[in-house]
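Novice: mind looking at a prediction? Sequence and model below.
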Amino acid sequence: MSQFPPGAVALDARALAEVATAAWRLHNKVVASVGETPPGVRYHSQALVDALAESGVQTRSYDGTAFDPGLRMRVLAYQPTPGLTRDEVIETVRPAVYLHGAAIAMGEVIVGTPPEDEPGGQDEPRSQENQQSQESPQSQESPQSPQSPQSPQSQESEDAER
């Protein structure tokens, strides 16, 4: 007797996370190249993201989000960034990936920090090891709802609701 419903198949979570990440990257490039991308490519890029979402696969980008060491993300680097008054995710290198709300891949980010000479700047250098989340992807927070890659504005409003 199969543990899967009719028509369902077992998938490797790592492979599924790679497919979702590739779709996220493609979609972000297509969206960023307005006017340069043929309409058919835009349509199929969105269809890919939508098909993944309908299958329960979701991605979460953290760009523009205030950095909180309690968030389950892997920090790849801290970068002093002029104009910042708080630690903030300035780039999502890999999105967090969820399958039916359960984390299957941890997001990877670069965190911008206020320069030391600006108000709100850091008094001491930080150790990347001390600031990275050590939890496994299975214990990450769940996304709010099925979604395609988010803009920083929609991400900020989502974080403000928490």
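Specialist: Alright, I've got the coordinates.

Novice: ok, what's across the strand from residue 73?
Specialist: Beta bridges link residue 73 to residue 107 when assigned by DSSP bridges.

Novice: what's the spacing between it and residue 13?
Specialist: 18 Å (Cβ to Cβ, to the nearest Å). Bear in mind the C-beta positions are built from the backbone N, C-alpha and C, glycine included.

Novice: per-residue confidence at residue 43?
Specialist: Residue 43 is assigned 93 on the pLDDT scale.

Novice: quick one: low-confidence ranges for this protein?
Specialist: Across the chain, residues meeting the criterion (pLDDT under 70) sit at 1-4, 118-162.

Novice: all strands of it, in order?
Specialist: 57-60, 73-80, 88-94, 96-99, 102-105, 107-113 (DSSP state E).

Novice: biggest helix in this protein, by residue count?
Specialist: The longest helix of the chain (DSSP state H) is helix 13-32.

Novice: and the angle for it with strand 88-94?
Specialist: Here the directions of helix 13-32 and strand 88-94 differ by 120 degrees (axes from the mean of the first three to the mean of the last three Cα atoms, to 10 degrees).

Novice: would you turn the strands of the chain into TSV with mean neighbour count and distance to residue 30?
Specialist: Below are the strands of the chain laid out as TSV (neighbours: other Cβ atoms under 10 Å; distance: least, Cβ to Cβ, whole Å):
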stretch	mean neighbour count	distance to residue 30
strand 57-60	25	15
strand 73-80	17	24
strand 88-94	20	16
strand 96-99	25	19
strand 102-105	20	21
strand 107-113	22	21
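
Novice: ok, the nearest residue to residue 41 once chain neighbours are set aside - contacts?
Specialist: Computed as Cβ to Cβ, 6 or more residues apart in numbering, the closest residue to residue 41 that is not its neighbour in sequence is residue 30, at 6.1 Å. Residue 30 sits next to 37, 41, 42, 45 when contact means Cβ atoms under 8 Å, 6 or more residues apart in numbering.

Novice: for these, which one is nearest residue 82?
Specialist: Residue 82 has its nearest neighbour among the contacts of residue 30 in residue 37, at 31.6 Å by Cβ to Cβ.

Novice: how close does that closest one sit to residue 43?
Specialist: Counting by Cβ to Cβ, the separation of residue 37 from residue 43 is 10 Å.

Novice: could you do residue 111 as well?
Specialist: Residue 111 sits at a distance of 35 Å from residue 43 (criterion: Cβ to Cβ).

Novice: again, but for residue 98
Specialist: 25 Å.
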